[in-house]
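Participant: Here's a sequence, model it:
(2 chains)
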Amino acid sequence: MKIVVCIKQVPDTTEVKLDPKTNTLIRDGVPSIINPDDKAGIEAALEIKERLNDGSTVTIVSMGPPQADVALREALAMGADEAYLLSDRAFGGSDTFATSTIIAAGLKKIGYDLVITGRQAIDGDTAQVGPQIAEHLGIPQVSYAEEILSIDDKQVVVKRQFEDRYHILELPVPCLITALSELAEPRYMSVHGIYDAYREKEVKVLGFEDLKDMFDPANIGLKGSPTNVYKSFTKQAKGAGTKYDDVSADEAVKIIVDKLEERHII
Amino acid sequence: MDFSLSKEHKLLQEMYRKFAENEVKPLAQEIDEEERFPRENIGKLARYGFFGIPYPKEYEGQGGDYLAYIMAVEELAKVCATTATIVAAHATLGVFPIYQYGTEEQKKKYLPDLLSGRKLGAFALTEPGAGSDSSMQQTKAVKDGDNYILNGTKCFITNAGEADIYIVSTMTDKSKGNHGISTFIVEKGTPGFSFGKHEKKMGIRGSATADLIFENAVVPAANMLGQEGQGFKIMMSTLDAGRISIGAVATGIAEGAYDICVKYVKERKQFGRNLAAFQNTKFELADIKTRIDAAQLMLYKAACEKEAGRPYGLYAAQCKYLCATTASDATRRCLQLFGGYGYMREYDIERMMRDAKITEIYEGTSEVQKIVIANHLKIK
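Facilitator: Numbers count the residues shown, from 1 in each chain, chains lettered A, B, ... in the order given. Modelled structure (predicted):
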């Protein structure tokens, strides 16, 4: 089985600070990491490969600038077999639709049985790219996967987290799942894995010329992106609110109901 | 001359840091307090390759270089000097003699288990009456057919009892002095080979330290490393390599102390200001960090000289001396900046100051390093 994991290199948002004057993100000196949900996807793929132990392979795909190479090396150092970087000036400025168009084109070129993406990236938080890839490829998908219950070369059974319940879903292969970070606890890179990532393995770069037959060039890059950012602004910070300590449940209910009535909310 | 790390080394450093921070640090205080060997760390260290970094893959090593290994010990020591010591005592002292002087059969028999971390190694030279003066060894090995019979006691042995494989220095011909010393690979469980009580130490309290006791222990002659009488050379060259790894333990402790101290002085307020705002704090930390960085440069230089296959004995001794002295100095001064809190065992800095002291003593005291350095400089 050819398992392909799509990953994104993102700024470590736990390290990002806001410029207090301009309210914009200070990106200088912020480390880049593999998006956490995607990293869980890598681990899940490696575990499936180890569980099947039948010559299955794990391929990593990322779209991004040349600097994303280090994210792919990290995935190789965790134990992935091969890595592709989809990178070209023509891909710049892509929104989720254009990005998923390009990644789907890359997947058609590379081949796949099971595609795993993270649920969403911590910088954009759209959760759109994974499902869109599945639509472009015309394959079934399950998003919000919390556990892979069983897998063979014909079928995957996935436990999907839902708001108030779980769904147990069977999918025929080929298919796509989007991983929650709960799907798997990522391993560290190993020492020999890091050496292999730089000495034995390579990151293959696919650009516009390599993929142009796989997509409509009108659908990629800034021009191919239907999303327009109308306005971006910083949310006004709310006040601390009123805190009540040491009140019983009944008293708390009364306080809340009174407040809601006072403000004509109920 | 380029002092920047390669891409591989940067990624290794990142991995070591995350591993140390998430897996090793949470246990550091507990194992010190309980004087308990951190068995639970061993399997994790093994899984990610920490026990065989600078050795070839054909023996299940990681195929790395000496600097990569040194950086691993350094990063572990930042958060837990005990764990760093366990790895260093294994990977240099326990493994290097077999890798460097072992026959192909000995290498095939012992290295895969040691380098993968399935088994732990240790090194036994010191005796109650033979510390810095290792020529005064009393442990004897007498040939008896296909075996040697060992009698004597080794003391202060790191990883004692926990390790499976021991490199043991013995006297096979006392009349020849240092040229009468021979080295053996001794397996735990060998009849007549036992361990003394667990020593209670000032620092690195989670690391196991005990006597090795040989009472008519029967060791196959096939387990001799190198030739009879070659032991002194084997032990001394192993200590040369070991000194760099102890330099890494020391540098790591100093860096760890500096890091937590910087964090503390930015938070702690006295007289209405952060401690960091006082000139004494600035001058102390500027001085401490400068000394740490100088020690680290010496450490990396020694590691790179060894990796390049050039003579490194002088650099190893200089590095061990400088890094150990720096670690003791840095931890003492950082603790002073913590004030009363620093003296409390609840704070890591108290442990770090105790841990730092051993780096001036084990694997050759600072005084021995100065003898070695002066000899290299031909000051006679």
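
Participant: In terms of secondary structure, what does the helix or strand that B:T153 is a member of contact?
Facilitator: Following DSSP states H and E, one finds B:T153 within strand B:147-158. Contact here means 3 or more C-beta pairs under 8 Å, 6 or more residues apart in numbering or on different chains; DSSP states H and E; on that basis strand B:147-158 packs against strand B:121-124, strand B:140-144, strand B:165-171, strand B:181-187, strand B:209-220. Every C-beta, even on glycine, is put in place using the N, C-alpha and C of the backbone.

Participant: looking at those strands, which is closest to chain A?
Facilitator: The closest of these to chain A is strand B:121-124. By C-beta to the nearest C-beta, the value is 17.6 Å.

Participant: so A:F208 makes contact with A:G92?
Facilitator: No: in this structure A:F208 lies outside contact range of A:G92 using C-beta atoms under 8 Å: 10.8 Å.

Participant: Counting neighbours, go ahead and name the busier of these two.
Facilitator: A:F208 (17 against 13; other C-beta atoms under 10 Å in any protein chain shown).

Participant: got a list of what A:I3 touches?
Facilitator: With contact set as C-beta atoms under 8 Å, 6 or more residues apart in numbering or on different chains, A:I3 has these partners: A:A45, A:I48, A:K49, A:S56, A:T57, A:V58, A:T59, A:Y112, A:D113, A:L114, A:V115, A:I116.

Participant: beta partners of it?
Facilitator: A:I3 has these beta-bridge partners by DSSP bridges: A:V58, A:L114.

Participant: Quick one: name the residues of the stretch 101-250 of chain A near chain B.
Facilitator: Applying C-beta under 8 Å from any C-beta of the partner chain, one finds that the stretch 101-250 of chain A approaches chain B through A:Y188, A:M189, A:S190, A:V191, A:H192, A:G193, A:I194, A:Y195, A:A197, A:Y198.

Participant: Just put the contacts of A:I3 in JSON lines and tack on distance to A:R27.
Facilitator: What follows is the contacts of A:I3, written out as JSON lines (distance: C-beta to C-beta, whole Å):
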{"residue": "A:A45", "distance to A:R27": "30"}
{"residue": "A:I48", "distance to A:R27": "35"}
{"residue": "A:K49", "distance to A:R27": "35"}
{"residue": "A:S56", "distance to A:R27": "38"}
{"residue": "A:T57", "distance to A:R27": "35"}
{"residue": "A:V58", "distance to A:R27": "30"}
{"residue": "A:T59", "distance to A:R27": "30"}
{"residue": "A:Y112", "distance to A:R27": "33"}
{"residue": "A:D113", "distance to A:R27": "37"}
{"residue": "A:L114", "distance to A:R27": "34"}
{"residue": "A:V115", "distance to A:R27": "30"}
{"residue": "A:I116", "distance to A:R27": "28"}
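
Participant: Narrow these to those that are buried.
Facilitator: With burial judged by 16 or more other C-beta atoms under 10 Å in any protein chain shown, the buried subset of those is A:A45, A:I48, A:K49, A:S56, A:V58, A:T59, A:Y112, A:D113, A:L114, A:V115, A:I116.

Participant: Tell me who's in contact with the fifth one.
Facilitator: So that's A:V58. By C-beta under 8 Å, 6+ apart, the contact set of A:V58 is A:I3, A:V4, A:V5, A:I42, A:A45, A:L46, A:K49, A:G79, A:A80, A:D81.

Participant: separation between the fifth one and chain B?
Facilitator: Here A:A45 is placed at a distance of 18 Å from chain B (C-beta to the nearest C-beta, to the nearest Å).

Participant: Remind me what the helix or strand hosting that residue packs against, helices and strands.
Facilitator: Element membership for A:A45, per DSSP H and E: helix A:36-52. With contacts taken as 3+ C-beta pairs under 8 Å, 6+ apart, helix A:36-52 sits against strand A:2-7, strand A:57-63, helix A:69-78, strand A:114-118, strand A:141-151, strand A:175-179.

Participant: what number of residues lie near the residue in the stretch 101-250 of chain A that chain B sits nearest to?
Facilitator: Proximity of the stretch 101-250 of chain A to chain B (C-beta to the nearest C-beta) peaks at A:V191, 3.5 Å away. Using other C-beta under 10 Å, A:V191 has 27 neighbouring residues.

Participant: Is it correct that it is in contact with B:F51?
Facilitator: No: using C-beta under 8 Å, A:V191 is not in contact with B:F51; the gap is 9.7 Å.

Participant: related to what we said a few turns ago, any chance of the helices and strands packed on strand B:147-158 in TSV, with mean pLDDT, mean neighbour count and distance to chain A too?
Facilitator: Below are the helices and strands packed on strand B:147-158 laid out as TSV (pLDDT from 0 to 100; neighbours: other C-beta atoms under 10 Å in any protein chain shown; distance: least, C-beta to the nearest C-beta, whole Å):
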stretch	mean pLDDT	mean neighbour count	distance to chain A
strand B:121-124	96	28	18
strand B:140-144	96	16	36
strand B:165-171	97	25	21
strand B:181-187	97	24	25
strand B:209-220	97	20	27
